[in-house]
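Colleague: predicted model and sequence follow; I will ask about them next.
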Amino acid sequence: MSLSFDPDTLPLPVGHFIGGDLLPAEPVIDILRPSDGRPQTGCPLAGADLVDRAVNTAKAALKSSNWAGLRPRERTRILQAWADLMETEAATLAKIEALSSSRPVGQLVAGDIAVTAEQIRFFAEFADKEGSDLVPTDDRSLGMIMTEPYGVVGAIVPWNVPISTAGWKLGPALAAGNAVVLKPSEQTPFSVVHMARLAVKAGVPAGLINIVLGDGQTTGSAITGHPGIAKVSFTGSSRAGAAIAGHIAATGIKPMTLELGGKSPQIVFADADLPRAADAIAASILANAGQGCVAGTRLILQDGIAGPLVEAVAARMERVRPGPTWDETSCYPPIISEVQISRIDGIVQAAIAHGAECVIGGGRMDCAGYFYKPTILANVSPRSPALLEEIFGPVLTVQTFTEEEEALALADHPTYGLAAGVFTSDLSRAVRMSRLIQAGTIWVNRYSRSRDHILPTGGYKQSGLGKDLGREAYLANRKSKSVLIGL
Ligand code: NAD
């Protein structure tokens, strides 16, 4: 069966999803399809009243379904049925996502959706395995650390991998016994609505997953400031993360998890397997056209190998051919919007104007839609935004070093610390670098996530607070209570 589809005739679930019902709503926020720049159905805008309704619905559903009080294995079974249905219905889900996002439809079915289903199953398995602890006390007492769900979790996710990031929030929150009110990005609103519909169809009690559509200012802040939201789980830019932290501080302190931006380095030593490093570097920056939080955008190369390695990476990057996300053969996707591609080009052109050498790329592709040429910049000024800011596009910078300490100093970003890559054949050096680099994830001789969902993801510095994935993400959805019984 072909996954390619006609973007003008694809049916979309246009509305909020509350209490198991799709509430049709007028499109308010314009959306232009990234693959051809043409308008599609816009995004509705939930105000504070609708967010309030979603929160109250979630609370009522928790009570009527006794979700937190079910035999834990029953939660596991229901969530796994949802994961199964996502895979069965992957084609429909992928098409809705591919229409307005930068994710190619073919990659969604084999990648994002399959992996998200697997992650939901992974979290579902925690429900009957992570429990409370009995703790050592004297023999006249019984001490326990009990854990329990928060209640209603508020989740907000970005546009770059909407299904994946929604799964990272919904999986652990539901497995841990919570209900969720989630807002996807206003640029990619509808796939997550469909994902929630599938959950209800698979047996997740109606009202446990509520999707409200809208922007950050109106809908997002109504979620983060709502007194009925017991915990906030956010993925997005560091700028929005800071605004959310401030809003939560002002409206009533509550726990929050923030998965934010990055400007991650990839350090290559002269003893590395260079073809392998070139493959990993090119694949990591071409994935989603650089629109990935962990994109390894800063190449830090040991003297002597910089020339040949940049040449090898450039050859791989130049091979890409753009294609619309609704064509299943497309591999190299567009940038999400005109605003974002203009920002990318602005940073690149400013760097070149200040003396950077443009090794390849450096401009828009000559085709419809928002496609940007894979770009490599060398000799970038240390104060250039190209080296300091998250570009969120297919742009690599190149810096060189002689000694290990110099590489570490270059890798150390003043504000970000999300991920880093080290390529070397020296095991001791690999371990030393892994210990010293200040980032939440270190990849050695590779630069990509694996399907080992037990490894948490999250940032140091302003790249975040708390973790998604792993046991930590499950535990972050339960609060602990100390109980001491006098015997
Ligand atoms: P963004 O911060 O602009 O928006 C993210 C989400 O937050 C959207 O749903 C938006 O509507 C909402 N939002 C924005 N301001 C808000 C506010 N004040 N209150 C409440 N909600 C608000 O980010 P984006 O442009 O959609 O996504 C790209 C960013 O996401 C990049 O910085 C990227 O690094 C980051 N990201 C991080 C991870 C991670 O795991 N660390 C994963 C994916 C993306």
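Modeller: Thanks, I have it. Numbers count the residues shown, from 1 in each chain.
Colleague: buried residues in stretch 475-487?
Modeller: By neighbour count on 16 or more other C-beta atoms under 10 Å, the buried set for stretch 475-487 is Leu475, Ala476, Asn477, Arg478, Lys479. The way it works is simple: take the backbone N, C-alpha and C, and place the C-beta from them, glycine included.
Colleague: surely the first one and Glu130 touch.
Modeller: It stands for Leu475. Yes: the criterion here is C-beta atoms under 8 Å, and Leu475 meets it with Glu130 at 6.8 Å.
Colleague: what touches both of these two?
Modeller: Common contacts of Leu475 and Glu130 (C-beta atoms under 8 Å, 6 or more residues apart in numbering): Thr147.
Colleague: circling back: and of the buried residues of stretch 475-487, the nearest to Phe17?
Modeller: The nearest member of these to Phe17, counting by C-beta to C-beta, is Asn477 at 20.7 Å.
Colleague: now do the contacts for that closest one.
Modeller: Pro149, Tyr150, Val153, Pro172, Ala173, Ala175, Ala176, Asn178, Lys231.
Colleague: as TSV, those residues with distance to the ligand, pLDDT and secondary structure would be great.
Modeller: Shown next, in TSV, are the contacts of Asn477 (distance: C-beta to the nearest ligand atom, whole Å; pLDDT from 0 to 100; DSSP: H, G, I helix; E, B strand; the rest coil):
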residue	distance to the ligand	pLDDT	secondary structure
Pro149	23	98	strand
Tyr150	18	98	coil
Val153	14	98	strand
Pro172	14	98	helix
Ala173	16	98	helix
Ala175	19	98	helix
Ala176	19	98	coil
Asn178	19	98	coil
Lys231	14	98	strand
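Colleague: most widely separated two among those residues?
Modeller: It's Ala175 and Lys231 that sit farthest apart of the contacts of Asn477, by C-beta to C-beta, at 14.5 Å.
Colleague: how many other residues sit next to Leu427?
Modeller: Neighbour count of Leu427, defined by other C-beta atoms under 10 Å: 9.
Colleague: and if you look at Gly246?
Modeller: Count around Gly246 with other C-beta under 10 Å applied: 11.
Colleague: so where does it fall, helix or strand?
Modeller: Assessed by DSSP states H and E, Gly246 sits inside helix 238-251.
Colleague: and that helix, which residues are buried?
Modeller: Buried, per 16+ other C-beta under 10 Å, within helix 238-251: Ser238, Ala240, Gly241, Ala243, Ile244, Ala245, His247, Ile248.
Colleague: ok, now stretch 51-70?
Modeller: 51-59, 61-62, 65, 67-68, 70.
Colleague: list just the nearest of those residues to the ligand.
Modeller: Set against the ligand, the nearest of the buried residues of stretch 51-70 by C-beta to the nearest ligand atom is Val51 (11.0 Å).
Colleague: dump the residue contacts of the closest one.
Modeller: Val181, Val212, Thr219, Ala222, Ile223, His226.
Colleague: then Ile341?
Modeller: Ile335, Arg364, Tyr370, Tyr372, Gly393.
Colleague: what would those look like in CSV with secondary structure?
Modeller: Below are the contacts of Ile341 laid out as CSV (DSSP: H, G, I helix; E, B strand; the rest coil):
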residue, secondary structure
Ile335, coil
Arg364, strand
Tyr370, coil
Tyr372, strand
Gly393, coil
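Colleague: and the two most separated of the residues you listed?
Modeller: Greatest spacing in the contacts of Ile341, by C-beta to C-beta: Arg364 and Gly393 (10.8 Å).
Colleague: quick check: neighbours shared by those two?
Modeller: Ile341, Tyr372.
Colleague: more crowded one of these two?
Modeller: Gly393 (27 against 16).
Colleague: just the pLDDT at that one, thanks.
Modeller: pLDDT recorded at Gly393 is 98.
Colleague: neighbours around Val339, how many?
Modeller: 11.
Colleague: which SS class is the closest residue to His354 other than its chain neighbours?
Modeller: Leaving aside its sequence neighbours, His354 sits nearest to Ser381 (C-beta to C-beta, 6 or more residues apart in numbering; 5.2 Å). The three-state label given to Ser381 by three-state DSSP is coil.
Colleague: rewinding a little: in CSV, list the contacts of Asn477 along with neighbour count.
Modeller: Converted to CSV, the contacts of Asn477 look like this (neighbours: other C-beta atoms under 10 Å):
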residue, neighbour count
Pro149, 21
Tyr150, 21
Val153, 28
Pro172, 31
Ala173, 29
Ala175, 28
Ala176, 26
Asn178, 26
Lys231, 21
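Colleague: tell me which other helices or strands the host helix or strand of Arg197 touches.
Modeller: Here Arg197 sits within helix 190-202, counting by DSSP H and E. Packing partners of helix 190-202 (3 or more C-beta pairs under 8 Å, 6 or more residues apart in numbering; DSSP states H and E): strand 15-18, helix 72-88, helix 90-100, helix 162-175, strand 209-211.
Colleague: for the ones you listed, which one ends up most surrounded?
Modeller: Of the helices and strands packed on helix 190-202, the one with the most neighbours on average (mean count of other C-beta atoms under 10 Å) is strand 209-211, at a mean of 29.
Colleague: centre of the chain to that strand, how far?
Modeller: Relative to its chain's centre, strand 209-211 lies at 18 Å (C-alpha atoms, centre = their mean, to the nearest Å).
Colleague: what mean pLDDT does that strand get?
Modeller: Mean predicted confidence for strand 209-211 is 98.
Colleague: repeat that for stretch 463-479.
Modeller: 97.
Colleague: contacting residues for Thr9?
Modeller: Contacts for Thr9 were tallied using C-beta under 8 Å, 6+ apart; there are none.
Colleague: residues contacting the residue nearest the centre of the chain?
Modeller: Centrality entry for the chain: nearest residue to the mean C-alpha point is Thr165, 4.4 Å, by C-alpha atoms, centre = their mean. Applying C-beta under 8 Å, 6+ apart, we find Thr165 in contact with Val157, Pro158, Thr235, Glu259, Asp468.
Colleague: how about a cut-off of 6 Å?
Modeller: Applying C-beta atoms under 6 Å, 6 or more residues apart in numbering, we find Thr165 in contact with Val157, Thr235.
Colleague: relative to Ala378, how far out is it?
Modeller: Applying C-beta to C-beta, to the nearest Å, the value for Thr165 to Ala378 is 33 Å.
Colleague: get me the contact residues on the stretch 201-350 of the chain for the ligand.
Modeller: Taking C-beta under 6 Å from any ligand atom as the contact definition, the stretch 201-350 of the chain meets the ligand at 215-216, 220-221, 224, 235-237, 240, 243-244, 259-262, 293.
Colleague: by neighbour count, which of those wins?
Modeller: Among these, the one with the most neighbours (other C-beta under 10 Å) is Gly262, at 31 neighbours.
Colleague: walk me through the domains of the protein.
Modeller: 15-260+464-486, 265-452 (automatic domain parsing).
Colleague: understood, closing this out.
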